[in-house]
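>>> Sequence first, then the predicted structure:
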Amino acid sequence: MSAFYALLFTVAFLVLIIGLTKKIIQYSRVPAPLKIPVTPAPLTKGGVAIRLAKEAILFAALFRSNKWTWLFGWLFHMSLFVVLLNHLRFFIKDVPLPLVLLQNVGEYAAFTMFIGLAGLLVRRIFVARVKYISSPSDYLWLILLMVIGLTGIVMRFISHTDIIAVKEFSLGLLIFDWQALPTDFPLMVHLFLVAILMILLPFSKLLHIPGLFFAPTRNQVDNPREERHIAPWAAELDAEKNKVQPK
Amino acid sequence: MADFETPKFREYPAVPLIKQDEMAGGGPFVSRAEFDTDLGYPGELPEDWKEKTLDKMGDLLGRYRSLQVFMDSCIKCGACTDKCHYFIGTNDPKNMPVARQDLMRKVYRRYFTFAGKYFPKLVGAVDLTEDVLDEWYNYYHQCSECRRCSVFCPMGIDTAEVTMAAREILAHVGKAQKYSNQIIQKVYKIGNNLGLPGKALKGILEDLEEEMEDECGVPVKFNMDEVGCEALLMTPSADFFAEPHIDGLIGYGKVLHELGITWTVSSKASEAANFGLFIGSYDNMQKISMRIREAAIELKVKRIIFGECGHAWRVAYSFLNTLAGPFDFLDQNYPIPQHILEVTYGALQEGKLRMNKEENDHLTMTFHDSCNVARASRIGDYPGSQFDIPRAVIQAACNNYVDMDSDTIKDATFCCGGGGGILTDDLMELRVKGALPRMEALKQVTEESGVTNIAAICAICKSQFTKTLPYYGFEMDAIMSVHQLVSEAIVMTGSEQEKDLDGTEEDDKTESDD
């Protein structure tokens, strides 16, 4: 069983990294031939960085759009972020002080994460417009994340797992030194679903993570009159030399 | 009247419930082969349409980062679902931006992604059939490419990019829209969207000069093909004869005259509009843009100034430098290209224009932000100046101004309902229904603040409102050009208006009683 999980995580990690890298390379190679920032847009690169940060950290556009979706979505993502930070301890031998301190509040992030996800699921089921646009996978992602969160909560607060052993397993993973994993049911479910999530991420709508930063509508500087913008394929089509020039 | 009901004003504008297939149908008239072939399209459905469709789709996915990223990054959060004016006006769920994108995304997933290839049901992927193409044709011609949804999308997904790609793909398998393609063909053959030949245009401009001389006693020039003027004026051809557009043109003429800027229009490029944008064709958009470069060179101008037109300004401001630049032969001291409002506003700031606002005292104005100016370009030199400058110019020409509801203006502005190649009579039902949110906001300010008229800086908005205002109980001439207000208020040096205001030397001390 431990070997299966060790193998699963090694594969999951590789799929995640390779899949995501391939997608990011694809996104950066496909040109953006025209200037299409949604205006008003920043006039400088620094301004664009702030615009993207506001979207990535505060979900600014979503806040303007729908307060409930923002509330649940933001709660889920920020909680997930804290939860992920908390899990770093499984991969660092001597846990640094900030992470130790975070643990005190961090362990409750699983609850807020679950509440956020539940809110999103309720919205998806009961708001007719959102239901209309939902595929089975849209529900399954929410349920998958909720089960991951729930099994985590169970292990932390109800049926404790031997986390020392888990940590030895995870530290071993990093150096291909496979250690025994406790065979608690919640842990098995928790880890299996996390691995599934890692494997599916590069093939799913979870690509919104890199996608957010590659949207030309948000990452372009508003300066088309000042700087000439031309994509490689457009430059070929452009045939600069055929252009009429003043005599 | 047409065979549909004008939507009722809603007492409390709320999110509409969905009505399946409310706007299902065949879409606008399909283009004729003769228009298509001139634009580089086949003009009929080829036998291998399926391969052709997927090939073109793959081609565009490799050419446009926007399309590739947007196909992947939608999380179906629903933020956009209540933001489209066509959804609000029709309640058809396929007019929700995400559902409109999904028409293509479902096919993308089926043929271009691992999940869709092996688990189509799970991720909502579908096979490409002729029915799917017909549905594309119908619903991608119910989008005005106004970008309102993208403002609210947490991923910045712009449905306009998807609509443009879909139309480009459709055109490559013989399903292009007649309205847009016929117009582009006219631009190539005659020089403008309306098919107005040079001679007729010359006649109109000469009449305008006479009219100005009679009315103002000042020789305001409306040149055509005059070599050696300072500026080339690019303006939508509707400005040459339609109401209220032409009153705007008169306004530009007066402002430029007063500032001593000589200008000309070109008979070869007698059209600022560029429908290449609407059909998503880079090639056609570039070909149309090149006319401007050629005209500027032939007429030896130093500046290019654009009149009031929304999408033309998007192509001019955002794309012209890319498509037809670099413009190193023009005077670099001015923005290239420059918007007429930048000229007027700058002159007002410097105190170079005298305005008699009382001329417009019978009006209480509001302003409709045109989508392509609000969300796809800029007028002025700081982000958001495209909202402030038109309002400042209106208020310099008119004492009474009120904004509409803040959720319906500036970057949240609602499309007029006729943009993006929709301004055709065969889509009248869509146009009227799509105008609902704007009409509701207008209704509110007419009732609460006594607004009498609405000004716009886009030929499509003006034409669309002229047609749709009466459906909602407004007068068709409630829509005005911004430079029409300027035209009414401006007091040109040496004009009859100046004499009326200041009096002649003899009756300097007696009050004029008119």
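Yep, that arrived.

>>> in what helix or strand does the residue nearest the centre of chain A lie?
Centroid-nearest residue in chain A, with C-alpha atoms, centre = their mean: A:Ile209, separated by 4.5 Å. Using DSSP states H and E, A:Ile209 sits in helix A:208-214.

>>> buried stuff in that helix?
For helix A:208-214, the neighbour count (16 or more other C-beta atoms under 10 Å in any protein chain shown) marks A:208, A:210-214 as buried. Where you see a C-beta, it was placed from the backbone N, CA and C, and this is true even at glycine.

>>> do stretch B:200-211 as well
B:201-202, B:204-205, B:208.

>>> what's the answer for stretch B:44-56, then?
B:49-50, B:52-54, B:56.

>>> Residues contacting the helix or strand containing A:Val122, please?
Using DSSP H and E, A:Val122 sits within helix A:109-126. Under the contact criterion C-beta atoms under 8 Å, 6 or more residues apart in numbering or on different chains, helix A:109-126 has outside partners A:68-69, A:71-80, A:82-83, A:86, A:130-131, A:134, A:138-139, A:142-143, A:145-146, A:149-150, A:152-153, A:156, B:77-78.

>>> chain center to the helix or strand that it is followed by, what's the gap?
Per DSSP H and E, the first helix or strand lying C-terminal to helix A:109-126 is helix A:128-132. In terms of C-alpha atoms, centre = their mean, to the nearest Å, the centre of helix A:128-132 is found 24 Å from the chain centre.

>>> and what of stretch B:188-208?
That offset, for stretch B:188-208, works out to 21 Å (C-alpha atoms, centre = their mean).

>>> so how far does it reach from one end to the other?
End-to-end span of stretch B:188-208 (C-alpha to C-alpha, to the nearest Å): 26 Å.

>>> and what of stretch B:72-81?
For stretch B:72-81, the first and last residues are 18 Å from each other (C-alpha to C-alpha).

>>> Check stretch A:215-226 too.
Using C-alpha to C-alpha, the distance between the terminal residues of stretch A:215-226 is 22 Å.

>>> Now do it, average pLDDT.
Mean pLDDT, stretch A:215-226: 97.

>>> how about stretch B:399-411 as PDB, C-alpha atoms only?
Taking C-alpha atoms only, stretch B:399-411 is exported to PDB below (Å, rounded to 0.1, in the frame of the first residue of the first chain):
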ATOM      1  CA  ASN B 399     -25.500  73.800 -18.700                       C
ATOM      2  CA  ASN B 400     -27.600  70.800 -17.800                       C
ATOM      3  CA  TYR B 401     -26.000  67.400 -17.500                       C
ATOM      4  CA  VAL B 402     -27.000  64.300 -15.500                       C
ATOM      5  CA  ASP B 403     -25.300  60.900 -15.500                       C
ATOM      6  CA  MET B 404     -27.300  57.700 -15.800                       C
ATOM      7  CA  ASP B 405     -27.100  55.000 -13.100                       C
ATOM      8  CA  SER B 406     -23.500  54.200 -12.200                       C
ATOM      9  CA  ASP B 407     -23.900  50.500 -13.000                       C
ATOM     10  CA  THR B 408     -24.700  51.400 -16.600                       C
ATOM     11  CA  ILE B 409     -22.000  54.000 -17.500                       C
ATOM     12  CA  LYS B 410     -18.200  54.200 -17.900                       C
ATOM     13  CA  ASP B 411     -16.600  50.800 -18.000                       C
END
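
>>> Identify each buried residue in the host helix or strand of B:Asp388, please.
Element membership of B:Asp388, judged by DSSP H and E, is helix B:385-397. Going by neighbour count (16+ other C-beta under 10 Å), the buried part of helix B:385-397 is B:385-387, B:389-397.

>>> Over to stretch B:320-328?
B:320-325, B:327.

>>> thinking again about what came up before, not counting the helix holding A:Ile209 itself, show me its contacts.
A:20, A:23-24, A:27-28, A:52, A:55-56, A:201, A:218-219, B:65, B:69-70, B:72-75, B:154-156.

>>> Now B:Gln338: closest residue in space, sequence neighbours ignored.
Nearest non-adjacent residue to B:Gln338, counting by C-beta to C-beta, 6 or more residues apart in numbering or on different chains: B:Ile305, 5.1 Å away.

>>> ugh, typo on my part, it should be B:Phe152
A:Ser65 (3.7 Å).

>>> Ok, B:Gly251 next?
Using C-beta to C-beta, 6+ apart, the closest residue to B:Gly251 is B:His483 (2.9 Å).

>>> helices or strands up against the lowest-mean-pLDDT helix or strand in chain B?
The weakest-scoring helix or strand in chain B, judged by mean pLDDT, DSSP states H and E, is helix B:33-38 (a mean of 87). Packed against helix B:33-38 by the contact rule (3 or more C-beta pairs under 8 Å, 6 or more residues apart in numbering or on different chains; DSSP states H and E) you find helix B:178-189.

>>> what packs against the helix it packs on?
Right, helix B:178-189 is packed against helix B:33-38, helix B:282-298 by 3+ C-beta pairs under 8 Å, 6+ apart.

>>> Any chance of those in JSON lines with mean neighbour count as columns?
Shown next, in JSON lines, are those (neighbours: other C-beta atoms under 10 Å in any protein chain shown):
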{"stretch": "helix B:33-38", "mean neighbour count": "16"}
{"stretch": "helix B:282-298", "mean neighbour count": "21"}
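
>>> show me where chain B has strands.
Chain-ordered strands for chain B, with DSSP state E as the definition, fall at B:223-224, B:231-234, B:263-265, B:303-306, B:338-339, B:365-367, B:453-456, B:479-481.

>>> what is the mean pLDDT for the fourth one?
Averaged over strand B:303-306, pLDDT sits at 98.

>>> now what about it, what contacts it?
B:230-235, B:252, B:256, B:261, B:263, B:272, B:292, B:296, B:312-313, B:316, B:327, B:330-331, B:334, B:336-340, B:343.

>>> Now find how far off-centre it is within its chain.
17 Å.

>>> is the helix holding B:Asp388 anywhere near chain A?
Yes. Using C-beta under 8 Å from any C-beta of the partner chain, helix B:385-397 reaches chain A at B:386-387.

>>> Filter the contacts of helix A:208-214 down to just the buried residues.
For those, buried by 16+ other C-beta under 10 Å: A:20, A:23-24, A:27, A:52, A:55, A:201, A:218-219, B:65, B:69-70, B:72-75, B:154-156.

>>> Tell me which of these fall in helices.
Among those, the residues falling in helices (DSSP state H) are A:20, A:23-24, A:27, A:52, A:218-219, B:65, B:69-70, B:72-73.

>>> ok so, going back, restricted to helices, list the buried residues of stretch B:320-328.
Short answer: the buried residues of stretch B:320-328 in helices (DSSP H) are B:320-324.

>>> The closest residue to B:Gly380 other than its chain neighbours and B:Ile340, how far apart?
By the measure of C-beta to C-beta, 6+ apart, the closest residue to B:Gly380 outside its immediate chain neighbours is B:Ile389, 4.8 Å from it. If you measure B:Ile389 against B:Ile340 using C-beta to C-beta, to the nearest Å, the figure is 11 Å.

>>> same deal with B:Ala456?
Distance from B:Ala456 to B:Ile340, by C-beta to C-beta: 14 Å.

>>> ok, these two, which is more surrounded?
More crowded of B:Ala456 and B:Ile340, by other C-beta atoms under 10 Å in any protein chain shown: B:Ile340, with 29 against 26.

>>> Verify the stated contact: the more buried one with B:Gly253.
No. Counting by C-beta atoms under 8 Å, B:Ile340 stays clear of B:Gly253, with 10.3 Å between them.
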